[in-house]
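Colleague: need a structure here:
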Amino acid sequence: MAGMMEGEPLIAGIELGGTKCIATLAQGRVILQQRRWPTGTPDTLNLISDALAQWAEQTPFAAIGIASFGPLHLDARAPNFGHMGNTPKPGWAGCDIYGHFARRFDVPIAIDTDVAGAALAEGMWGASQDCAVHAYATIGTGVGLGVVVNGQAVHGHLHPEAGHMRIRRQPGDQFAGACPSHGDCLEGLVGGPGLAARLPMPVAEMADDDPHWDQIAGDIAEWTTMLILALSPERLVMGGGVIQARPKLLPLIARQSARLLNRYIEALDAHALEQLIVAPGLGADAGPLGAILLGQQAAMARGDG
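Modeller: Numbers count the residues shown, from 1 in each chain. The predicted model follows:
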């Protein structure tokens, strides 16, 4: 295949998002091919695996990395490893994502959340390089958080589901929230369905001086302040459709976070927080490259990389 580099294994990556799915073929961080689909029913997995099979016929890949929306069961010892948890996305709860690809492809496979993959990729190649503790947050269809400590994504009983944390509400805000499980958790307030219900127009059409941005930034800043106090990250990368639609939201979030911290952490004034809360260094490729990096790790663990 043209453009292939000596010494680097060919990796297939699958990013499963709440709105779209992306299959990527790459060497290192160099993307060679990509395919995209809307995230429909779990039958979307058949379309993705068919595309991977076509790529494999041309040039076999060494491993597959899967970076998926969640919640996911990630305990490799458990019988439901690689299955989707109790997601509100219709039809996906309980779906055996890992097993779908493991049954079809005889290569090493790694699976993690989409935000954990993006966090790992930002630590390897993007805005969080040389950070021991860092995180990647997505504000889009849903709200998610991937946390990395010393190069490893944080897992425990499950994995971080910080998008469902409840925050202090803005004065006078009576919106009930759109999360089917928690109502006015952060995802219920600033995730795609919440913003669609509470805003007069799509975020991409709102003017920079629309007062709703201050409210959205205030909600997110309540969350980022808690994350800073709880995790002490050296970098908090924020991506997702809402941030992509309005990059100027990040300085607003940093300023409001500084106000909420109220000089408790002396070094984190508004300027310092603008260096801590940043856009993805990898841009829109953070998610796809996160899946690729997971695949690279699977290949190395098997001894193929």
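
Colleague: how does this structure divide up, domain by domain?
Modeller: Domain ranges of the chain: 10-114+284-302, 127-279, per automatic domain parsing.

Colleague: per-residue confidence averaged over the first one?
Modeller: For domain 10-114+284-302, the per-residue pLDDT values average out at 96.

Colleague: how long is it end to end?
Modeller: Start and end residues of domain 10-114+284-302 are separated by 14 Å (CA to CA, to the nearest Å).

Colleague: do the same with the longest one
Modeller: One end of domain 127-279 sits 8 Å from the other (CA to CA).

Colleague: Which parts of the stretch 51-200 of the chain are strands?
Modeller: Applying DSSP state E, counting those that start in this stretch to the stretch 51-200 of the chain gives strands spanning 63-68, 109-113, 133-139, 143-149, 152-153.

Colleague: ok so, going back, tell me which of the domains of the chain approaches Ala121 most closely.
Modeller: Closest of the domains of the chain to Ala121 is domain 10-114+284-302, at 4.2 Å (criterion: CB to CB). In this view, the C-beta of every residue, glycine as well, is placed from N, C-alpha and C.

Colleague: How far does the closest one sit from its chain's centre?
Modeller: 13 Å (CA atoms, centre = their mean, to the nearest Å).

Colleague: Could you count how many residues lie near the nearest residue to Tyr98 once chain neighbours are set aside?
Modeller: Here the nearest residue to Tyr98 in space, its sequence neighbours aside, is Gly82; by CB to CB, 6 or more residues apart in numbering that works out to 2.3 Å. By other CB atoms under 10 Å, the residues close to Gly82 number 23.

Colleague: give the contact list for Gly82.
Modeller: With contact taken as CB atoms under 8 Å, 6 or more residues apart in numbering, Gly82 is in contact with Leu72, His73, Leu74, Asp96, Ile97, Tyr98, Gly99, Ala102, Ile111.

Colleague: What's the separation between it and Ala110?
Modeller: Applying CB to CB, to the nearest Å, the value for Gly82 to Ala110 is 10 Å.

Colleague: what does Gly281 give?
Modeller: 22 Å.

Colleague: can you give me the helices in the stretch 101-250 of the chain?
Modeller: Applying DSSP state H, counting those that start in this stretch to the stretch 101-250 of the chain gives helices spanning 114-125, 186-190, 192-198, 212-231, 241-245, 249-261.

Colleague: Redo those as JSON lines? Include mean neighbour count and distance to Ile48.
Modeller: Shown next, in JSON lines, are those (neighbours: other CB atoms under 10 Å; distance: least, CB to CB, whole Å):
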{"stretch": "helix 114-125", "mean neighbour count": "29", "distance to Ile48": "14"}
{"stretch": "helix 186-190", "mean neighbour count": "27", "distance to Ile48": "25"}
{"stretch": "helix 192-198", "mean neighbour count": "18", "distance to Ile48": "22"}
{"stretch": "helix 212-231", "mean neighbour count": "20", "distance to Ile48": "31"}
{"stretch": "helix 241-245", "mean neighbour count": "19", "distance to Ile48": "21"}
{"stretch": "helix 249-261", "mean neighbour count": "20", "distance to Ile48": "31"}
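
Colleague: weakest of these in terms of mean pLDDT?
Modeller: That would be helix 241-245, which, of all the helices of the stretch 101-250 of the chain, carries the lowest mean pLDDT at a mean of 88.

Colleague: returning to that earlier point: turn the domains of the chain into JSON lines, including distance to Ala121.
Modeller: Formatted as JSON lines, these follow (distance: least, CB to CB, whole Å):
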{"stretch": "domain 10-114+284-302", "distance to Ala121": "4"}
{"stretch": "domain 127-279", "distance to Ala121": "8"}
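
Colleague: between the ones you listed, which one is nearest to Leu120?
Modeller: The closest of these to Leu120 is domain 10-114+284-302. By CB to CB, the value is 5.2 Å.

Colleague: Can you tell me the closest non-neighbouring residue to Lys16?
Modeller: Quick fix: residue 16 is Leu, not Lys. Ser68 (3.9 Å).

Colleague: Quick check: beta-bridge partners of that neighbour?
Modeller: Beta bridges link Ser68 to Leu16, Thr113, judged by DSSP bridges.
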